[in-house]
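A.B. asks: Mind looking at a prediction? Sequence and model below.
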Amino acid sequence: MNTLLLALRFLRHDWRSGELRLLVLALIIAVSAVTAVGFFTNRVEQAMVLQANQVMAADLVLFSHRPIAESFEQRATELGLRTAHTLSFPSVILHRDETQLVEVKAVSRDYPLRGELRVRPQAAAEEQRVTRPPAAGNLWGEARLMAALELQPGDRVSLGELNLNLEQILSRDSALGNNFFRLGPEVLIALEDIPKTGLVTPASRVHYRLLVAGERNPVESYQRWARTRLPRGVRLEHLSSARPELRNTLDRGSRFLSLAALVAVLVAGATVALSTRRFVERQSDTSAIMRCLGASQSLILWVLLLRLLLLGLLASLLGIAVGWLAQYLLAGLLSDWFGGTLPSPTPWPILVGLGTGLITLVGFTLPPALRLGAVPPLRVLRRDLGAPPVSTWLLAVCAIGAMALLMRWQAGDATLAGWVLLGTLGTVSLLLLAGWLLIRLLRPLRHRGGTRWRQGLAGLLRDPAMTTLQLTGFGLGILAMLLLGIIRTDLLDAWHRTIPEQAPNHFLINIQPENVAGMQEFFRREQIQPAGIYPMLRARLTRINDKPVAPEQYQDDRAQRLVEREFNLSWAVEPQTGSRIVSGRWWGDENREAPLFSVETGIAETLGIKLGDRLGFDLAGVPIEARVANLRQVRWDSFQPNFFVIGTPALLRDHPTNYITSFYLPPGREALLAQLVRQYPSVTIIDVSAIMRQIREIMQRGSLAVEYVFLFTLAAGLLMLYAGIQASREHRRQESVVLRTLGMQRRGLIEAAGIEFVTLGLLAGTLASLCATATGWFIATEVFGFNFQPSLWTAIVGILGSGSAIGIAGVLATWPLTVRPPLRMLQDG
Amino acid sequence: MDTDHTPDSILVKATGVGKRVNGPGGSLTILDDVSLQLASGEVTAILGASGSGKSTLLGLLAGLDEASSGQIELFGTPLNALDEDQRAALRAGKVGFVFQSFQLLPGMTALENVMLPLELAGVARPAQGAGEALRQVGLADRLHHYPAQLSGGEQQRVAIARAFASGPKVLFADEPTGSLDQATGSRIIDLLFRMREQTGAALLLVTHDERLAARCDHRLQIENGRLEQDTW
């Protein structure tokens, strides 16, 4: 007999009889959730990378202190990439004998390749987006320049030998990633004006940049090509080498999305597991009849496996189509926030969807399905005879294996996947244990109380394995929803809190020791709260233990740069707020006088510095040496002054020191900066408000994406609950018939169902709240490095929400059974 | 079917009852103009081939569904004036059932299954009554067994205990031996008749077994949905 034909015939029958609908629906939702998340995150991640690229104004930047060889531009053009040049240097703008230190950026006509420029023709005018930088002879300057020199658009200013027309107020140049520490307000001029200024000579300290942008593949091949040909002194910058503040933000954004996708996978697995049991139960009769008719075990198994495979493929394809449509519609709605259309997704999510469908199906259906071959033919006569019970170990290994595979695949981050898997396994174990305990505790109570109470309890006790499975399913569904709730609120809040509304937006450097007291008084008078004034020394790392340090020893670009340049060092009595000692100990009073260093974990990893190593620095010609007493994790996105290396006061305080601070300047008080510069001419102000605005934007878009993904998981969670309720439908149907025949009224049946499902819901909610809080805490502290305050609301919403939602859903599912006349239900069999 | 009973003693009365359902081939008549009555303490068998409509008639008489036409009275109350819940309340404690497929609740023990009608009738100390009923059917040592742990014959004895536990006025039995072997079936029928005699309940029995029908006071033959003859 042709097995495939038989499988197809059965599949058609399955479809018509509706037996597989729940399983198929579960798979479709699972796959569509995963695929929609996949497509969407794929597009959003691309958009986020593009946005982050705006910070560089390009996809790749070649940076040098000398003009960059033409061959680099030529190659980019050959690959069909767009290019632009910028040249930047500090200089002075002169207007009626007043001067202002500025950061000059001369740009070619195509600047920016990514991101945007915005200007105001007048101080009070609306901001306008412009596509071209200033033409020759014109200059655009930031509002701070206007305030400092009391300028108006239309005024003439001098830059070196060139007289320029101040045409527009520059309100936004999104490309700030490479120009974070600006010494003064930025002015933008045309690149062709540079020779006329007479400011750039071969000896000038100028930053040359070649910007490159285009399609992903040519950009990647250009990056590979350029990396091997970089002359000394030329650096290739891409997103991952952009500023750590941005890298952290993007990294966290994509982790949030992965996490949301992971939770969708988790719910998918639970849904399929629950609906499978019902399918297998129903298939037992068919298997018994087939065996009576002479079918071999292997034929039954093959027919079943082929049906499942075909079903998996069909459901996955449908799920992919639904996922595609869903993401397409929502991406359309969201594209506004991303300033245009989102980039097209790569085909990868299709494979992920197909893989997810098949892995989920195999992982959760195979062990119970394999039992069907062993259904005794006698079942045709004795319905109580079923297949031998499935090995719990086999079931667990298959399900956990499938989950682990899917999670690892989805997360793309072993740590994150590990935590979520661990959380899930812990929850499943807890739920199984709780199910077992519930059955044991309820047994003695079943003889007490009224009929409805006993009937409700009987519902829970009628099939202990089913109750445990339902409890596990409900618990996982609620866990998924709570976890997403925690991610959506607590974790995203924690993320947003990393840059509070009034985070410092200006840094002051070069504060002389004698000015510290005066500066503090200035801030007090102006009612501005600085983040603390820290000593800062510049030094170059010369030795790690007894080994001299040289750039050639390192493969990594960043390590080479760190070794080449001078670091900022500081000394402190107490660790800075926001930093965390991850190994070793901070110096107490007893060893404050000892020579010790505290090293930031990132730089320690890049340069291979370990706890206890001896570091040697060259501090303006004076060698110093000390042991590493601790490694410190620093929140670079806190916008507080942070240092790679901090020494004990005894080690550094006698060396020449400047001070640094940061503070929040409310909008509209820019005039204060000019006053500050006038009073303390040596002080340099660095404005970071623009980059903060960008980070906030990335956070907001990331949050939107997570909230969107939340909707899919919510739908999957609801289906899971439905599947859980449907799992015991057969039993409830039978009960309903008997009880109504014996004279129970509708209200009694509804109340009994309410008691059964509310009990399950409350228990599932309690356990899920506990597990969600624990998992949320682990994810927050171990994966994202946030402080996490568990919310009592999570528990309240989890327990009461679960009890009432599952109770209502159970009652609603029981309602139709109370409407149909008992005789017809008896005749249905 | 003529009667010499007083109106008060009539427990079940059907007048011109019809039942039609809509099938793939259009409207299908299952019962047509059926009239009968069952008096207190009477034992009546409804005989008929498979598909003749006898189980449907039993269900209609017990108020498990609504007739398409005609009128049915149970304990003097017209069923067509009652909704589903009111019909259930009318049955509670006063009507017993025995089904071919036993219809025991698998999540409940034998004792709990038998307690159900007592609880629904609001009887005090239902466990006591249920235990007594199970002892009468010879299952005193099976009180805490689940249906799956009992043989077919034992399950049907639990069903009989459940049917009689609340002291019903009328018992409806649908092919009570249909799922049992002949020897077990005979023992079950003996038990059913013995219990009925003890309680004095009326019995309406659906069967296609002539020998079983021969033990009844009256026999009604149903064919193609119509009552052909009645004998007693």
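C.D. replies: Happy to help now that I have it.

A.B. asks: so how far is the one helix or strand residue A:196 maps to off the chain centroid?
C.D. replies: For residue A:196, the enclosing helix or strand under DSSP states H and E is helix A:194-197. Remark: helix A:194-197 is offset 46 Å from the chain centroid, using C-alpha atoms, centre = their mean, to the nearest Å.

A.B. asks: Also stretch A:643-663?
C.D. replies: Using C-alpha atoms, centre = their mean, the offset of stretch A:643-663 from its chain centre is 35 Å.

A.B. asks: count of residues packed around the residue nearest to residue A:564 when sequence neighbours are not counted?
C.D. replies: Of all residues not flanking residue A:564 in the chain, residue A:551 sits nearest, at 5.3 Å (C-beta to C-beta, 6 or more residues apart in numbering or on different chains). (C-beta placed from N, C-alpha, C; glycine too.) Using other C-beta atoms under 10 Å in any protein chain shown, the number of residues around residue A:551 comes to 14.

A.B. asks: and residue A:551, how far is that from chain B?
C.D. replies: With the distance defined as C-beta to the nearest C-beta, to the nearest Å, residue A:551 ends up 75 Å from chain B.

A.B. asks: Spell out which parts of chain B neighbour chain A.
C.D. replies: B:55-56, B:59-60, B:62, B:64-66, B:84-85, B:88-95, B:97, B:99, B:103-108, B:112, B:116-117, B:119-121, B:127, B:148, B:162 (C-beta under 8 Å from any C-beta of the partner chain).

A.B. asks: Out of those, which sit inside helices?
C.D. replies: Members of those lying in helices (criterion: DSSP state H): B:55-56, B:59-60, B:84-85, B:88-91, B:112, B:116-117, B:119-120, B:127, B:162.

A.B. asks: returning to that earlier point: can I have the buried ones of the residues of chain B next to chain A as a PyMOL selection?
C.D. replies: In PyMOL, this line selects whichever of these come out buried by 16 or more other C-beta atoms under 10 Å in any protein chain shown:
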select buried, chain B and resi 55+56+59+60+62+64+65+66+84+85+88+89+90+91+92+93+94+95+97+99+103+104+105+107+108+112+116+117+119+120+121+162
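
A.B. asks: Show me what the strand or helix carrying residue A:759 packs onto, helices and strands only.
C.D. replies: Assigned by DSSP H and E, residue A:759 belongs to helix A:746-778. If contacts are counted by 3 or more C-beta pairs under 8 Å, 6 or more residues apart in numbering or on different chains; DSSP states H and E, helix A:746-778 sits against helix A:414-445, helix A:451-461, helix A:464-486, helix A:729-741, helix A:792-819, helix B:84-91.

A.B. asks: what comes up buried for that helix?
C.D. replies: Quick answer for helix A:746-778 (16+ other C-beta under 10 Å): A:746, A:748-773, A:775-778.

A.B. asks: returning to that earlier point: with only the CA atoms kept, save the helix holding residue A:196 in PDB.
C.D. replies: Extracted in PDB, the C-alpha atoms of helix A:194-197 (Å, rounded to 0.1, in the frame of the first residue of the first chain):
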ATOM      1  CA  ILE A 194      39.200  75.000   2.900                       C
ATOM      2  CA  PRO A 195      42.100  76.200   0.700                       C
ATOM      3  CA  LYS A 196      40.800  79.800   0.900                       C
ATOM      4  CA  THR A 197      40.900  79.800   4.700                       C
END
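
A.B. asks: Check which strands are paired with the next helix or strand along the chain from it and give the direction for each one.
C.D. replies: As assigned by DSSP H and E, the chain's next helix or strand after helix A:194-197 is strand A:207-213. Strand pairing for strand A:207-213, using DSSP bridges, gives strand A:60-64 (antiparallel), strand A:82-95 (antiparallel).

A.B. asks: Name the next helix or strand downstream of the last one, please.
C.D. replies: If I follow you right, that is strand A:82-95. Of the helices and strands lying after strand A:82-95 in sequence (DSSP H and E), the nearest is strand A:98-107.

A.B. asks: Compute the mean per-residue pLDDT across that next one, please.
C.D. replies: Average pLDDT, strand A:98-107: 87.

A.B. asks: What residues sit buried inside it?
C.D. replies: Within strand A:98-107, the residues that count as buried by 16+ other C-beta under 10 Å are A:100, A:101, A:102, A:103, A:104, A:105, A:106, A:107.

A.B. asks: Retrieve the pLDDT associated with residue A:458.
C.D. replies: 73.

A.B. asks: is it true that it touches residue B:111?
C.D. replies: No. With contacts counted by C-beta atoms under 8 Å, residue A:458 stays clear of residue B:111, the gap being 11.9 Å.

A.B. asks: For the two, indicate the residue with more neighbours.
C.D. replies: Comparing residue A:458 with residue B:111 by other C-beta under 10 Å, the one with more neighbours is residue A:458, at 25 against 21.

A.B. asks: dump the residue contacts of the residue nearest the centre of chain B.
C.D. replies: Taking C-alpha atoms, centre = their mean, the centroid of chain B lies closest to residue B:172, which sits 1.1 Å from it. Listed by C-beta atoms under 8 Å, 6 or more residues apart in numbering or on different chains, the contact set of residue B:172 reads B:58, B:61, B:62, B:95, B:96, B:97, B:98, B:204, B:206.
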